[in-house]
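Peer 1: here are the coordinates; sequence isn't available:
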């Protein structure tokens, strides 16, 4: 486990404390969760961009042409 010292504006620190209290967790745990969510989001974006880069629009459109043009089953409607 690593230790990180972070300087925050007073207003942000106040909001952080309020939000952590509201969630019933420590400020440290709240920050850890927030950073985890951000890192996960950025890694997911990178992953999806890489997958999109390897994609082939012609192949995709060819596959879509094979899908029958009909109404979805009743259980599959929104």
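Peer 2: Alright, I've got the coordinates. Not measured: the values here are computed from a predicted model. Numbers count the residues shown, from 1 in each chain.
Peer 1: if I look at residue 53, how far off is residue 26?
Peer 2: Residue 53 is 40 Å from residue 26, where distance means C-beta to C-beta, to the nearest Å. For the C-beta atoms, the positions are set from N, CA and C on the backbone; glycine is no exception.
Peer 1: got the buried residues for the longest helix that the chain contains?
Peer 2: The single longest helix within the chain, with elements called by DSSP state H, is helix 27-54. Residues of helix 27-54 classed as buried by neighbour count (16 or more other C-beta atoms under 10 Å): 30-31.
Peer 1: packing partners of that helix?
Peer 2: helix 10-23 (3 or more C-beta pairs under 8 Å, 6 or more residues apart in numbering; DSSP states H and E).
Peer 1: buried set for the helix it packs on?
Peer 2: residue 20.
Peer 1: the inter-axis angle of it versus helix 27-54?
Peer 2: 90 degrees (axes from the mean of the first three to the mean of the last three C-alpha atoms, to 10 degrees).
Peer 1: before we move on, the earlier item: could you point out the helix or strand that follows the longest helix of the chain?
Peer 2: helix 57-65 (DSSP states H and E).
Peer 1: quick check: mean pLDDT of that following helix?
Peer 2: For helix 57-65, the mean per-residue pLDDT is 95.
Peer 1: again, but for stretch 43-54
Peer 2: Averaging pLDDT along stretch 43-54 gives 96.
Peer 1: for it, what is the distance to the chain centroid?
Peer 2: 13 Å (C-alpha atoms, centre = their mean, to the nearest Å).
Peer 1: same thing with stretch 44-56?
Peer 2: The chain centroid and the centroid of stretch 44-56 are separated by 15 Å under C-alpha atoms, centre = their mean.
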